[in-house]
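Peer 1: this one's sequence-less:
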């Protein structure tokens, strides 16, 4: 993955690939301890963002995998809309939080291959997070529009 300055952000190389052979499940375990970790699953249900009045333009080559509405936390009654896009390698999520204000806008953030960008669209906070360069995260966030409820 290359950044906006064409510098390498992340690089993956394989030295041995065997297609069609069984996978040893033990080799898939993390190399760090997960003792004490808790998996938290927030309920969600599928929606169509366009029916909610939202429009998102994904980068060329990306297609939508899912669109859901989910609660933001265990005690929260506030929910967010989420669209997940992928090009087959990278995945990016767009979160739309109606009624949430963006307090301190920051430039696009990135750490390794992951980037995040937030902006305000009307009364909603839009957050884009994924395995894309910072400029791509920003362009996706800039494409989010509230067009009207259908």
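Peer 2: Received, thanks. Keep in mind it's a predicted model, so treat the numbers as computed, not measured. Residues are numbered from 1 along each chain as shown.
Peer 1: use CA for all of it now, contacts and neighbours both
Peer 2: OK.
Peer 1: What sits closest to residue 59 if chain neighbours are left out?
Peer 2: Counting by C-alpha to C-alpha, 6 or more residues apart in numbering, residue 59 lies nearest to residue 140, which is 7.1 Å off, once chain neighbours are set aside.
Peer 1: Beyond whatever helix or strand the one you found lives in, next helix or strand please.
Peer 2: Secondary structure here is read from DSSP states H and E; on that basis residue 140 sits in helix 134-143. Downstream of helix 134-143, the next assigned helix or strand under DSSP H and E is strand 145-146.
Peer 1: who's in contact with the most centrally placed residue in the chain?
Peer 2: When C-alpha atoms, centre = their mean is applied to the chain, the residue found nearest the centroid is residue 93 (2.0 Å). Shown in contact with residue 93 (C-alpha atoms under 8 Å, 6 or more residues apart in numbering): 82, 83, 84, 85, 128, 129, 130.
Peer 1: okay, the angle between the host helix or strand of it and helix 134-143?
Peer 2: Taking DSSP H and E as the definition, residue 93 sits inside strand 91-98. Put simply, strand 91-98 runs at 40 degrees to helix 134-143, going by axes from the mean of the first three to the mean of the last three C-alpha atoms, to 10 degrees.
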